[in-house]
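# structure here, sequence nowhere to be found:
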């Protein structure tokens, strides 16, 4: 077991099958990257967490190795745009080939298009209008490890997300070139990663045609002004702003427009929430049943990013509270801060608005009047009246945790 003061720094090794496997050497790291703010994680999870560096990444919090699932330490969320080399990594399947940009092709087809065709990476960059959007990419199960009672799955803390500038081409422009038929219902997307064991369901997702035709849904090949990192979808990925990252297909290789609901495992059986339990407006009705519905948009939420639970301050010292807030794209209206465990609330100052799909930074400064323990809370609300909850909306898959955060500090 690695010490928390060590990490495994990676260099790249490719197997015969094209799977990228890290080769590690030991190096020193900042132990504060393992934030104490996730003390609610299940027994044993904190003790097992280590910092490891995948090839091209700085040390991240390793959740699983095969498939690779690595969480961004919270301290990096003090930056408006999450750097590529600390952006979280999420995969369902372990066979992740190193895609050659020179030979990569994206096929567009399906029974609901008139003109199937193929695109190269150069075609994407030269034959369509280029667009850029700032959007938060967040795993559906972010904060799953905070659920009580705990549920199965990757026990994420706060770091299965990241905010970035994505550059690429509108999906609607690609679909218009293919010519949608009148019976087009869903758009099915597939990536280059596959399962190792025979019979493992391929990770394939669909989105409704109306979401695919939204001008903000893009096929991105750049992230924060650089080519997509391998672990974040090189050479191109789907970006579905406002919706959780399960739809943000990495290493995308095919797009099929279909006239019937797609019934693959990752739509029919996975990433579903109880019908009517969450305040979701973007409903994927062609995939709904009488009891559940596919997860779609993110719910309103916030995170304090610069203070750890149990941190100590001196009497007379100003305490600056920083954080980020987001929702599914309706726009943040306000973040309120309490320093007395929810008895009183004061409005925080919101930072620059980079667009409705980006997170927004917030700040609040107070001076503790006396020594003791203070419970700090942050509560966000959006422009359509939705707000964070004080009680967990429990669901068996551990999705959409947006309980108001509590952090205790000591003033001495």
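Thanks, I have the structure now. Computed from a predicted model, the values in this text were never measured in an experiment.
# and the spatially most central residue of the chain, how far from residue 258?
Geometric centre of the chain, nearest residue: residue 138, 1.6 Å, by C-alpha atoms, centre = their mean. In this structure, residue 138 and residue 258 are 27 Å apart, going by C-beta to C-beta, to the nearest Å. For every residue, glycine as well, the C-beta is placed using N, CA and C.
# what do you get for residue 47?
From residue 47 to residue 258 the distance is 46 Å (C-beta to C-beta).
# next: residue 378.
In terms of C-beta to C-beta, residue 378 sits 42 Å off from residue 258.
# who has more neighbours, these two?
Counted by other C-beta atoms under 10 Å, residue 378 and residue 258 do not tie: residue 378 has more neighbours, with 27 against 19.
# my read is that one is in a strand, agree?
Yes - according to DSSP: H, G, I helix; E, B strand; the rest coil, residue 378 belongs to a strand.
# pretty sure it is touching residue 402, no?
No - look at residue 378 against residue 402 with C-beta atoms under 8 Å: they stay out of range, at 11.4 Å.
# okay, domains of the protein per the record?
According to automatic domain parsing, the chain is divided into the following domains: 15-294, 301-411.
# got those domains as JSON lines, with mean pLDDT columns?
What follows is the domains of the chain, written out as JSON lines (pLDDT from 0 to 100):
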{"stretch": "domain 15-294", "mean pLDDT": "92"}
{"stretch": "domain 301-411", "mean pLDDT": "97"}
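# isn't residue 299 up against residue 278?
Yes - in this structure, residue 299 is within contact of residue 278 by C-beta under 8 Å, at 6.3 Å.
# tell me which of these two has more neighbours.
residue 299 (22 against 19).
# where's that one, which helix or strand?
Residue 299 is part of no helix or strand, with elements assigned from DSSP states H and E.
# quick one, what contacts it?
The contact partners of residue 299, taken as C-beta atoms under 8 Å, 6 or more residues apart in numbering, are 278-280, 327-328, 386, 400, 402.
# residue 101 now?
121, 227, 234-235.
# does the residue of the chain most remote from its centre sit in a helix, a strand or a coil?
Note on the chain: the largest C-alpha distance from the chain mean falls to residue 370, namely 39.3 Å (C-alpha atoms, centre = their mean). Assigned with three-state DSSP, residue 370 falls in the coil class.
# residue 412 is in contact with that one, correct?
No - here residue 370 lies out of contact with residue 412, judged by C-beta under 8 Å, at a distance of 10.8 Å.
# residue contacts, residue 381?
Here residue 381 is in contact with 300, 332-336, 387-388 (C-beta under 8 Å, 6+ apart).
# how close does it get to residue 148?
24 Å.
# next: residue 412.
In this view, residue 412 and residue 148 are 31 Å apart by C-beta to C-beta.
# over to residue 176. Which of the three states is it?
Looking at residue 176 with three-state DSSP, the answer is helix.
# can you report how many residues neighbour the residue nearest to residue 88 when sequence neighbours are not counted?
Nearest non-adjacent residue to residue 88, counting by C-beta to C-beta, 6 or more residues apart in numbering: residue 72, 4.6 Å away. Counted with other C-beta under 10 Å, the neighbours of residue 72 add up to 24.
# what does the one 4 residues further on give?
Summarising burial for residue 76: neighbours were counted as other C-beta under 10 Å, giving 19.
# what about it, which SS state?
helix.
# any idea how far the residue nearest to it when sequence neighbours are not counted lies from residue 231?
Computed as C-beta to C-beta, 6+ apart, the closest residue to residue 76 that is not its neighbour in sequence is residue 86, at 4.8 Å. Going from residue 86 to residue 231 by C-beta to C-beta gives 11 Å.
# joint contacts of those two?
Common neighbours of residue 86 and residue 231 (criterion: C-beta under 8 Å, 6+ apart): residue 57.
# tabulate the contacts of residue 299 (CSV), appending secondary structure and distance to residue 220.
Output for the contacts of residue 299, formatted as CSV (DSSP: H, G, I helix; E, B strand; the rest coil; distance: C-beta to C-beta, whole Å):
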residue, secondary structure, distance to residue 220
278, coil, 27
279, coil, 28
280, coil, 24
327, coil, 21
328, coil, 19
386, coil, 27
400, coil, 24
402, coil, 26
